[in-house]
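Trainee: dropping a prediction and its sequence here:
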Amino acid sequence: MSSKQRFQELQHYLSSQVLGQTDLVDALLISLLTDGHLLIEGTPGLAKTRAVKALAKGIQAEFQRIQFTPDLIPSDVTGSEIYRPDVQQFEFQSGPVFANLVLADEINRSPAKVQSALLEAMSERQVSIGRTTRALPELFMVIATQNPLEQEGTYPLPEAQLDRFLMLVKLDFPDVETERQILRLTRGGDAIRPPTDWVPLAPADVLLAREAVNAVHVAPAIEDYLVHLADATRRPAAYDAELAEWLQTGVSPRATIALEHVSRALAWLNGQDFVSPDLVRRALPWVYPHRLTLNYRALAKGLSTDDVIDRLLHCVAVS
């Protein structure tokens, strides 16, 4: 069985465990395939934790969940040196960040020091404690969540950390029929039950699939499309007068790289060996929103980054 078929089976398995959240399932797989981190925005109870647990079971990876609270300190995330009287020396005890999949639940509930500790792990794939730097596992991904409804007592993530997230996925409530299926799925308990005849992937399978994703072809015309989408956020007046009235800050080159990576992964999952404009358009609402800053005019009109994305797709064409 090919690597692509194995991932399609993984996608089917996740969809059977997390009902009605297709975007979340796709985003988890894309982040895994592109070695990126994922930010999830949604109200409590939308199966975010369940989805990450199911993914960990599906790839035989170590999973750790960190509940971010105002009294959390950096060592609660990274670990610390503990003195052992029996041997009269310090010994490092690793924190939950050393797992393969780390769920940072309500990440904006903790102050800047904790967020900065996680930022080093996300950007450098290492943790520095004292004078010692320790590498994180080769397969390492942070999945962070935010509650969009309650902002009291929160610490907004700085732009530098938001930019480290490959994608932002916004979750909505399921429809009536899906919620009925959720009731039936969890009636015997909330345990995750993989099919008995299904063989989970291994971390080595994920690394092999990443090589295949990197081989997906990106034509020069698609490259031009990617860079012009980014340029339109930085020099909006050159593309559209209305867009120029909305944007305060555009996206960085990291956004262009992320958009290409996500488009490649989508193409590979869809069985294509090249990136098409439609895949770029599908990926854009996941890659750009958390990297854009609207000005006071746009906010006064009640506009959102979704409106900016729609306008970008309207005024930037494939060359």
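Mentor: The structure has been received and is ready for your questions.
Trainee: what's around residue 105, how many residues?
Mentor: 20 (other CB atoms under 10 Å). (Glycine included, C-beta is placed from N, CA and C.)
Trainee: check residue 178 too.
Mentor: Each residue near residue 178 was counted by other CB under 10 Å, and the total is 13.
Trainee: do you know how far it is from residue 112?
Mentor: Counting by CB to CB, to the nearest Å, the gap from residue 178 to residue 112 is 38 Å.
Trainee: again with residue 156
Mentor: The spacing between residue 156 and residue 112, counted by CB to CB, is 10 Å.
Trainee: and residue 283, by the same measure?
Mentor: The spacing between residue 283 and residue 112, counted by CB to CB, is 30 Å.
Trainee: which one's more surrounded, these two?
Mentor: The neighbour comparison of residue 283 against residue 112 (other CB under 10 Å) goes to residue 283, with 24 against 12.
Trainee: for that one, which non-adjacent residue is closest in space?
Mentor: residue 262 (4.1 Å; CB to CB, 6 or more residues apart in numbering).
Trainee: now do residue 16
Mentor: The spatial neighbour of residue 16 that comes closest, neighbours along the chain excluded (CB to CB, 6+ apart), is residue 195 at 7.9 Å.
Trainee: mind pulling up the phi and psi values for the one you found?
Mentor: With angles defined as degrees, to the nearest 10, residue 195 sits at phi -60, psi 140.
Trainee: ok, it - how many residues close by?
Mentor: A count of neighbours around residue 195, defined by other CB under 10 Å, yields 10.
Trainee: and for residue 144?
Mentor: The burial metric for residue 144, expressed as a neighbour count using other CB under 10 Å, is 28.
Trainee: one more: residue 69?
Mentor: For residue 69, the tally of surrounding residues (other CB under 10 Å) stands at 13.
Trainee: in contact with it, which residues are there?
Mentor: By CB atoms under 8 Å, 6 or more residues apart in numbering, residue 69 lies in contact with 109, 110.
Trainee: can I assume it sits in a strand?
Mentor: No: secondary structure of residue 69, determined by DSSP: H, G, I helix; E, B strand; the rest coil: coil, with no strand assignment.
Trainee: separation between it and residue 224?
Mentor: Separation of residue 69 from residue 224 (CB to CB) stands at 46 Å.
Trainee: go on, residue 273?
Mentor: Applying CB to CB, one obtains 20 Å for the distance of residue 273 from residue 224.
Trainee: likewise for residue 75?
Mentor: Counting by CB to CB, the separation of residue 75 from residue 224 is 47 Å.
Trainee: do residue 177 as well
Mentor: With CB to CB as the criterion, residue 177 and residue 224 are 43 Å apart.
Trainee: what does residue 123 give?
Mentor: Per CB to CB, residue 123 is found 28 Å from residue 224.
Trainee: cool, and residue 158?
Mentor: 31 Å.
Trainee: again, but for residue 94
Mentor: If you go by CB to CB, the gap between residue 94 and residue 224 works out to 45 Å.
Trainee: which pLDDT does the model give the residue located most distally from the centre of the chain?
Mentor: Summary for the chain: using CA atoms, centre = their mean, the residue whose C-alpha lies farthest from the chain's mean C-alpha position is residue 86, with a distance of 43.0 Å. Listed pLDDT for residue 86 reads 81.
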